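[1] Just to be clear, the model below is a prediction. Sequence and coordinates:
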Number of protein chains: 2
Amino acid sequence: MKEFLRTKGFKMTPQRELIFRSFFEMEQHVSVDELYDKVRSIDRSIGYSTVWRNLKLICRVGLAQEVSMGDGITRYDRLTRVPHGHLFCLGCKKVIEFNADQIVGVLAQTAVENDFSNKGFKVEVQGFCAECRAKGAVDSFETESVS
Amino acid sequence: MKEFLRTKGFKMTPQRELIFRSFFEMEQHVSVDELYDKVRSIDRSIGYSTVWRNLKLICRVGLAQEVSMGDGITRYDRLTRVPHGHLFCLGCKKVIEFNADQIVGVLAQTAVENDFSNKGFKVEVQGFCAECRAKGAVDSFETESVS
DNA sequence: AGTGAAAATGAAAATCGTTTTCATTTAGAC
DNA sequence: GTCTAAATGAAAACGATTTTCATTTTCACT
């Protein structure tokens, strides 16, 4: 990883190493706060902005992408595994990943047809998971009034 | 529209009528600011929060959805036409819509497989449009340093 | 038409995640 | 070892979104 970053003009530091390692060890779709908490539990001296900047860096070098599901929080989605989409539960905010191989093919074709270079994609389905439907979260959501 | 809202427990007002009408007359993917400016050009007395609240209402009743492409601005995507995805140019921020019938089929199937109710979807491809590639925007983007 | 309860409005302030600033420290190329 | 650019941490700035609150308006029901 140090060498990987070096070729892109970035340096390695103890903080960066911890942040990167923690990010790739954590569950998918962490927020800045979540990663900050995790990193803080290991090294209390690391600043919030350092965590934030390193998440941006991880995206910059192509290892993750920012995703926003609708609550105002930016999450970071690792791109180191198979192409995937997200099922986002409007009730409990849980995210389920699904394989997107088939869709990726369609999108690649679409990009070509529109003379667009394809640098990445996001596919999200919003709905309610089985548990939330069982709890009746659907109804409370739909009849909720505007603030 | 007045009757449609009434059945959902909302009232019609002159401001709301103007905001709704303007929204559906404008181009796709307007921001709060853009709609506010438009509405303001017709009625200077309408407040920002009224515009904001009514955009939320339009989403609430299922006529639009919020989308965020990566710049920090929430845009409102009408759902009154055919299902579509977005090609988002990382250079000029332009959005091109494409038909998503094929993908919708896949997503519906995916939702069923995961015991998920399907309330909506978002499909976005990030890349560079032909013009931005011609201008070399791709390179300047990729070599841009982290702040 | 009149009345009352609930909803809507407008202005201003609050909120809160994100981003920048700046002084200082550190990495790593030479 | 030295030097320069990059990285860090704390704090402040930023800015879009959301809420508050006093007032006005809609509309269901007399």
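    Looks like it arrived, so ask away.
[2] close to chain B, is the longest strand seen in chain A?
    Among the elements of chain A assigned as strand by DSSP state E, the one spanning the most residues is strand A:117-128. Yes - judged by CB under 8 Å from any CB of the partner chain, strand A:117-128 comes into contact with chain B at A:117-128. (Glycine included, C-beta is placed from N, CA and C.)
[3] can you give me the strands for chain A?
    Ranges of strands in chain A, per DSSP E, are A:30-31, A:64-68, A:74-78, A:84-89, A:95-99, A:117-128.
[4] A:D33 - how many residues pack around it?
    A:D33 has 12 neighbours, counted by other CB atoms under 10 Å in any protein chain shown.
[5] which residues touch it?
    A:D33 makes no contacts at all, as judged by CB atoms under 8 Å, 6 or more residues apart in numbering or on different chains.
[6] Per-residue pLDDT of it, please?
    If you check A:D33, the pLDDT there is 97.
[7] what does A:A137 give?
    We have a pLDDT of 62 for A:A137.
[8] before we move on, back to that, quick check: which of the strands of chain A is buried the most?
    Across the strands of chain A, averaging neighbours per residue (mean count of other CB atoms under 10 Å in any protein chain shown) puts strand A:84-89 on top, at a mean of 23.
[9] What residues does chain A have near DNA strand C?
    Proximity of chain A to DNA strand C, by CB under 7 Å from any atom of the strand, involves residues A:2, A:6, A:11-14, A:31-33, A:48-49, A:52-53, A:56, A:72-74, A:145-146.
[10] Go through the residues of strand A:117-128 next to chain B and name the one nearest DNA strand C.
    A:K122 (15.5 Å; CB to the nearest atom of the strand).
[11] what's the residue lying closest to the closest one once chain neighbours are set aside in contact with, if anything?
    Of all residues not flanking A:K122 in the chain, B:E124 sits nearest, at 4.6 Å (CB to CB, 6 or more residues apart in numbering or on different chains). Contacts for B:E124 (CB under 8 Å, 6+ apart) come out as A:121-123, B:67, B:69, B:85-88.
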